[in-house]
Every structure is written in structure tokens, then in C-alpha cells.
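[1] Predicted model follows, preceded by the sequence.
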There are 2 protein chains.
Amino acid sequence: MYTLLKKDKNTEARLGKIITSHGEVDTPNFMPVGTSASVKTLTPQDLKSVGTQIILSNAYHLLLRPGAQIIENAGGLHKFMNWDGPILTDSGGFQVFSLAQLRKIKDDGVEFQSHIDGSKYFITPESIIDFQKVLGSDIMMVLDECIPYPCEHDYAKIALKRTTDWARRSKEAFIFAKESTTRYLPCRQAGASRDTRYELFGIVQGGTYPDLRKQAVKELIDIGFDGYAIGGLSVGEPTELMYETLDVTVNLLPDDKTRYLMGVGTPQDIVEAVSRGIDIFDCVVPTRNGRNGTAFTTEGLVKIRNAKHKNDYSALDKNCDCECCKNYTRSYLNHLFNVNEILGLRLLSLHNVSFYATLMKNIRCSIEDGSFIDFKKSILDIYEKQPLKRDLSSI
Amino acid sequence: MYTLLKKDKNTEARLGKIITSHGEVDTPNFMPVGTSASVKTLTPQDLKSVGTQIILSNAYHLLLRPGAQIIENAGGLHKFMNWDGPILTDSGGFQVFSLAQLRKIKDDGVEFQSHIDGSKYFITPESIIDFQKVLGSDIMMVLDECIPYPCEHDYAKIALKRTTDWARRSKEAFIFAKESTTRYLPCRQAGASRDTRYELFGIVQGGTYPDLRKQAVKELIDIGFDGYAIGGLSVGEPTELMYETLDVTVNLLPDDKTRYLMGVGTPQDIVEAVSRGIDIFDCVVPTRNGRNGTAFTTEGLVKIRNAKHKNDYSALDKNCDCECCKNYTRSYLNHLFNVNEILGLRLLSLHNVSFYATLMKNIRCSIEDGSFIDFKKSILDIYEKQPLKRDLSSI
């Protein structure tokens, strides 16, 4: 349940709180991505040590491996992966449309082949709600159709109609799931969680077309969700077009519900989106870049493989107190990447997740004390000089 | 400095202690291998959390990457990698003879090309002592010539003569290093450590020939070392031949010095060698097998990729209290390996290093209370049924 605590005077930035049965999430906040029930290289204890409050996982990936039965037997995703904080699960719509093979979109649902082994699946809006109930997600997402960029208006409109239909069906399945201790679909046997404090978010699609985005918001609000996600951005469109699309969308969303910008982003994208009223984010940027040797620091991007770090015995980020920055030098981290030691991937991932957690905390503090507009400028000053290619998928 | 605390009544097993300037090592003990200044996937904090007292690193690998200057600038290997406990460094003799390319053995030293980039190196017994002083090793090893198995007696004898000559020169260089604050070799400038509590171990070679092994021990004792390593075993010879060679060697070694069996081994090899009087061990077996998905447990080997673990929600080892066993199930670990998540490699490595630390602690307790012979039998009962291919190199 979202509570709006404060609105920034100078921007649309909001301070808020989401209460879940696995704990509270202060917003604005960022969710590290644990695609396959693991935030890559890190343990839940690592995540807690740097202040992570909520993680994202992915129904598509978990459906393929390990599958519903194993997670159900474990008692849900929290127990399976030993993370006792809130989890938001993406429905997998994005992956069905970006990763899966031989996809057949029907009005009823989507038939596709696993990108891992080619085995066939048929998912529906209802089955994905059912699966997210098995996972025990604190925040579930509806199944949506993600269109690529660019995309013709005609097709974007057809896809949006389907997404809205699916959203309506998802909501019905969700209500059934909440009211019943059995499943919407009769295929599973074991008892589901009795805790009904989980939420369902709708996803605004419509490509980069303002008319379709507005239509999508209106239709989703008519159905009514616990929160609203903005999907289909950061998929290759120019940055300005992303912000423009955000501008025509965010302000139409209700004040008293969480607003989630999916798959975003870089520090500059985050402060821009927060200033437009976004509450939560997810992105593989911190972990994937960590594994590739790129660190986010308070002085900008650091490419740790660069030879200039060989003899640099200072911390990766002198303003950071994560385990990586407290205990190791840039010289040592450069060496670890140079000799392909896994510890390097782990330490940079930890630092980057720490950087993002601290970034969000500083954003919240600055909204609290009225200085967000200055904080935003300080982040843009550092990061706009160093463009980082956006990641297109949450694989 | 080694202190013999107790001898077992039923076997040759010894309880002892090595005091170094970075802390004490209770013996028998096992050194996880941190080849390139990292025990793969693990932090020093992880190692301490499972009771590791001493680690091994490798002069050959560190000479190639990152090289002497970077570690010297860092203030030595302990600071470079943030491990403040004792470090034993192998001289790299084994790697020069197993990994390096275009090797030319001269009486003065060895010329070889890096297996990484083909660049040329010339090392001598003196330069390797000098380098280990730069590293700040608590226990240094002499440069030796490692012969393969099988090897003709004639060649084994020639190699042994060279190894003994090199041992004598190593000792001279070591005495010079201890007595001088400058270096034996004039090529480096910066001041070296004033702490002179570091030790030098000789290495007994001689292949599987009893006459050469006996000769090697005699010659090394004549030179005089702080400890004696047995090298050139576990390089492909039959297990029985390894134990026979150990039998003719160990008892000739002085009681008041550390005895180190290099590159060994499996739990069964360790209890066999302890019962013959060995004090310390190193091997990549726990970490390499951890990364390959094989765990050592109190009930024997567990191959975590095996499908039977998919629905096993018990701990990897119910008798272990490491972070892996306390927090995760076999089902989850199976999933992590199944989807190639790095966290799986990390958790199994941690558990295996924990298993080895606990194995050594239990060996020490059993020597202390007189039950070692029973403890040895219990390990053999579990592990002799499950032969594990020995690793041939400490890469």
C-alpha cells in the first residue's frame, strides 16, 4: 500500500512509502534485478548490507527454470532464495517479446518456445497471476505486450488493445486469487499463501505515441490497480523521446498509487524520472556494469580495467563505505579484472548496488529537506558528461 | 616458528603450532589456494568466517600479473589483497615446469615465457627469494625443479642435484635478505620489510625413487631450513606410490620443523598424510570442485547439479554452519548451478573451504584427545567410496 508523504515544491518529485507484508519500501527507490532468483554474484545479506529494500525478479525466467513446482515446494520465492524483504515480480511480458522464440500472440494469451531449450509454453494473463501467487510476490505485474521501438502507430494501437484486455483479465484473476485459497487455474494442488497483502500493478504501454499513452492510462485507471508501471521505455528510443513520453504519462496517474518506471536506468535517467514523479525503478545497469568492470561512483563512472588504476591505491569511491570500498584499492580491483577473478565481478556488483541504494537514499533526503533540485543538478553535472549505453533488456 | 605440542600414540600424527608475524597457525592445517592474490570467488572475510588460518599464494602467477612493482607499492601482498593472516608463497617452481612455455633450464636459473602473453622471464633462486620478500610472505619456498611422473632415474637425479644447489643458493639469499634492509639483487629500490620473522622452507624432490628422496632430505637438512616441504607428489602417480614415497621421506625429517605436503589433497589423502606426520597442506581441490558443483560434506561428496537435488530442501551439509549451509537449500544451489549463476560457485566454494577448515580442526581435536585413528577411519569410510580425481596443478 502506497502512502504519499511529501511533494517537492520545485519539481514533481514525491516522497512516499510502500508497505508490504515483507517490510516497507521508502520511495523513491531502486530494485536490483534478481532475474533468476539471484541478484548476480550477491547474497541477500550483501544486499541488506548496502541498504537494498526491495528486489525485482522475473516470472518468465522463473517459469522456465526452476519452474513453478520447485518454488512452490520451497514455500515461495522468498524462502527459495532466502530474501525476506519485498519482491516485485515482472510478469515476463518483456521477455516473451524480446527473448522467446516462435512466439504466437493470440487474444487468449501467448504461445512461445523457451529460449533455453525450445520447450513450448502457453501463458495467459490468468496463468501469470497464478504463477506470481505461487512465487509469493509482494507486487505482481500484469501480462502486457511490449512493442519494439520504432513501431507503427497501427500496430501499437492493436497491441495496446490487447494489453488493456489482458490487464482487465489480470485484475479479475488477481481478485479471485485474493478471495480464494485455491487457485484461479485448477492445475496446481498445494495450498497458496493466505496473506492477501500483495498488490497488482498495471502497465502503461503505447510506445512513444502520446494519444495511445493517454488512452492506456485512462483505461488502466478505469480497471483500477494498486500501482501503475510505465513500460516500453528505454527500449532504444532517443533519450528526449523517453522523457517526453514520461511527461505526457506520469501526471495523468493518480497521486495515491505507486508509479514505477520499468527497466530504467542510469543515475541521470533516475533523477530526471524522479523529478517527473516516478517512485520506483529497476534496471540491470548496476549489476551488469559491475560485472563488466564499470563502477558508478560519486565522481562519475570508473572503468576499472583502465591501466591508470594499476597503481591507484585509493578506494573505488572514497565517499562509499561498502565492503568493496572499505577493504580494497582500485589497484587490486584492476588486478582482479585483469586476471579474470570472479571476486572482481562480485566486489564491483556490490559497490554498484550500494551506489544505487545510496543514490536513492540521497534523493529521498533531498526531497525531505527541499534540496532535490540541487541534488538532481549535481548528479547530472557528474553523469551527463559520461553517457552510458542503456541496457535494453532485463535478462 | 614451529612448536611441536603433542604426538599421537597410535600414528605419526603431530599436533603443533606455527607462529608468524601475521598470527598463529594450528597444525595440522590446510591452506586454501589464492593463486593470483584471490581465493577464487571469496573475500578474506569469508575465509575468516569459516576458520581459515593461513592461505597460499603463488610467486609465479604474481610475478606475471600484477608484477612485483604493484604489490611492492601496495605495501606487500597482505595489504594488496586485504588478508592480514599468514601467507605461504610457493616459489613458482611447479608452474615454471607445468605452465610456462619455451622453458630453458640453466644452472643459474630458468628462462621461460609467460603462459599468458609469451613475454620472457629469467628467474633465479635469488630473484625468487627477493620477490617473496617483496610480497612479504610469512613462509617462503625455495625454487625447485619439479619433474613429471613418470621420470627416468637418471633425469630425476640430475634435477635433484640442481634443486639442491638452488636450495643452497636460496638459503644464502634468504640470510642476506634477513640481515639486510636492501635487496639481494640490486634491481629494486624501495625499502623492504624490517620484520624478519619470515621463514624459508626447503622442498624435498626426487620423484618416486626412495634413494633420491633420502638423499634430498639429507642434503636439505645439511643446509638447514625452517620447515620442509615434500614436493613432486600428487602429480599423476598411483596413490599407493604416493604414500610409499611419503613413508620413506617424512620420518627422516626433523621433529622440530614444520612438514608440508605440497598440492595435496582430498580428505582421504589428508588423513593418510597426517597419520604419517604431515603438518600442513594446500590444494585447489576444495575451491575448484566448488566451482564445478562438487561439495565435500560430512556424508561424502555431493554433486549439486544432480537432478535428485532439485526438490531437496535440506542444507548442503546438515552438520555445517557456514553461510551456505545455514541459509540455502540443495534445491536452490542446484538451481543456481543449473542457470549458471555465479552465486552458486561462490556458495559451494565457501562451503568447501569451510569443510576443509573444519576437517583440520577435527583432526587436531582428535589428536589432542587421542582419537585420531578413529577419526581417520571415519573419514576413509566416507570418502574412499567416492574417489575424486586429484588435481594435478595449483594453477
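    Right, received. Where do you want to start?
[2] What strand or helix carries residue A:301?
    Per DSSP states H and E, residue A:301 falls inside strand A:300-303.
[3] strands paired with that strand, and their directions?
    strand A:294-297 (antiparallel) (DSSP bridges).
[4] what's the model's confidence in the strand it pairs with, averaged?
    Here strand A:294-297 scores 98 as its mean pLDDT.
[5] How far does that strand sit from its chain's centre?
    19 Å (CA atoms, centre = their mean, to the nearest Å).
[6] CA atoms only: put it into CSV for me.
    C-alpha atoms of strand A:294-297 as CSV (Å, rounded to 0.1, in the frame of the first residue of the first chain):
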residue,chain,number,x,y,z
THR,A,294,32.3,-0.3,-14.8
ALA,A,295,31.7,1.3,-11.5
PHE,A,296,29.3,4.1,-10.6
THR,A,297,31.0,6.5,-8.1
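[7] Got the phi and psi for residue A:134?
    Main-chain torsions, residue A:134, degrees, to the nearest 10: phi -60, psi -40.
[8] list the contacts for residue A:334?
    With contacts defined as CB atoms under 8 Å, 6 or more residues apart in numbering or on different chains, the neighbours of residue A:334 are A:304, A:305, A:306, A:307, A:309, A:310, A:312, B:66. Every C-beta, even on glycine, is put in place using the N, C-alpha and C of the backbone.
[9] Over to residue A:250?
    By CB under 8 Å, 6+ apart, residue A:250 lies in contact with A:12, A:230, A:259, A:276, A:277, A:278.
[10] Redo those residues as JSON lines? Include secondary structure and neighbour count.
    Formatted as JSON lines, those follow (DSSP: H, G, I helix; E, B strand; the rest coil; neighbours: other CB atoms under 10 Å in any protein chain shown):
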{"residue": "A:12", "secondary structure": "coil", "neighbour count": "16"}
{"residue": "A:230", "secondary structure": "strand", "neighbour count": "28"}
{"residue": "A:259", "secondary structure": "strand", "neighbour count": "27"}
{"residue": "A:276", "secondary structure": "coil", "neighbour count": "19"}
{"residue": "A:277", "secondary structure": "coil", "neighbour count": "22"}
{"residue": "A:278", "secondary structure": "coil", "neighbour count": "27"}
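[11] So which of these reach chain B?
    Among those, no residue sits close to chain B (CB under 8 Å from any CB of the partner chain).
[12] on that earlier part again, what are the contacting residues of the strand holding residue A:301?
    By CB under 8 Å, 6+ apart, strand A:300-303 touches A:293, A:294, A:295, A:309, A:316, A:317, A:330, A:382, A:383, A:385, A:386, A:388.
[13] List only buried entries from those residues.
    By neighbour count, with 16 or more other CB atoms under 10 Å in any protein chain shown, the contacts of strand A:300-303 hold A:293, A:294, A:295, A:309, A:316, A:317, A:330, A:382, A:383, A:388 as buried.
[14] Single out whichever of those residues has the smallest pLDDT.
    For the buried ones among the contacts of strand A:300-303, the weakest pLDDT value sits at residue A:388, with 76.
[15] Please, which helix or strand holds that one?
    Going by DSSP H and E, residue A:388 is not part of any helix or strand.
[16] shouldn't it be in contact with residue A:289?
    Yes: using CB atoms under 8 Å, residue A:388 is in contact with residue A:289, at 7.3 Å.
[17] residues in contact with the spatially most central residue of chain A?
    For chain A, the residue nearest the mean C-alpha position is residue A:282 (2.6 Å; CA atoms, centre = their mean). For residue A:282, the contact set (CB under 8 Å, 6+ apart) comprises A:30, A:31, A:32, A:33, A:56, A:88, A:90, A:260, A:262, A:263, A:264, A:394.
[18] Quickly list what it is bridged to.
    Per DSSP bridges, the residues bridged to residue A:282 are residue A:31.
[19] any idea how far it is from chain B?
    Distance of residue A:282 to chain B, given as CB to the nearest CB, to the nearest Å: 18 Å.
[20] can you check residue A:117 too?
    For residue A:117, the distance to chain B equals 11 Å [CB to the nearest CB].
[21] same thing with residue A:12?
    From residue A:12 across to chain B, the span is 38 Å (CB to the nearest CB).
[22] now swap in residue A:112 and tell me
    The span separating residue A:112 from chain B equals 18 Å under the rule CB to the nearest CB.
[23] what do you get for residue A:43?
    Per CB to the nearest CB, residue A:43 is found 7 Å from chain B.
[24] correct me, but that residue touches residue B:332?
    No: applying CB under 8 Å as the test, residue A:43 and residue B:332 come out as separate, 11.4 Å apart.
[25] what residues do those two have in common as contacts?
    Counting by CB under 8 Å, 6+ apart, the contacts common to residue A:43 and residue B:332 are residue A:82.
[26] If you count surrounding residues, which of those two has more?
    Shown here are residue A:43 and residue B:332; by other CB atoms under 10 Å in any protein chain shown, residue B:332 has more neighbours (29 against 23).
[27] helix or strand for the more buried one, which one?
    When elements are assigned from DSSP H and E, residue B:332 belongs to helix B:330-338.
[28] Past that helix, which element shows up next along the chain?
    Proceeding N to C from helix B:330-338, the next assigned helix or strand is helix B:342-368, under DSSP H and E.
[29] I'd like the average pLDDT over that following helix.
    Mean pLDDT, helix B:342-368: 98.
[30] what does stretch A:90-103 give?
    Averaged across stretch A:90-103, pLDDT comes to 87.
[31] Buried residues, that stretch. List them.
    Residues of stretch A:90-103 classed as buried by neighbour count (16+ other CB under 10 Å): A:90, A:91, A:92, A:93, A:94, A:95, A:96, A:97, A:98, A:99, A:100.
[32] quick one, what contacts residue A:8?
    The contact partners of residue A:8, taken as CB under 8 Å, 6+ apart, are A:14, A:15, A:275, A:367, A:370, A:372, A:373.
[33] run the last query once more with 7 Å
    Residue A:8 makes contact with A:367, A:372, according to CB atoms under 7 Å, 6 or more residues apart in numbering or on different chains.
[34] Repeat that for residue A:124.
    Residue A:124 neighbours (CB under 7 Å, 6+ apart): A:108, A:109.
[35] switch to 10 Å and redo it
    Taking CB atoms under 10 Å, 6 or more residues apart in numbering or on different chains, we find residue A:124 in contact with A:106, A:108, A:109, A:110, A:130, A:143, A:166, A:169, A:170, A:173, A:184, A:185.
[36] Doesn't residue A:229 belong to a helix?
    No: going by DSSP: H, G, I helix; E, B strand; the rest coil, the assignment for residue A:229 is strand, not a helix.
[37] Count the neighbours of it for me.
    29.
[38] thinking again about what came up before, select from the contacts of residue A:282 the one having the most neighbours.
    In those, the most neighbours by other CB under 10 Å go to residue A:90, 32 neighbours.
[39] For chain B, what's the nearest residue on the stretch 151-300 of chain A?
    Distance from chain B to each residue of the stretch 151-300 of chain A (CB to the nearest CB) is smallest for residue A:291, at 8.2 Å.
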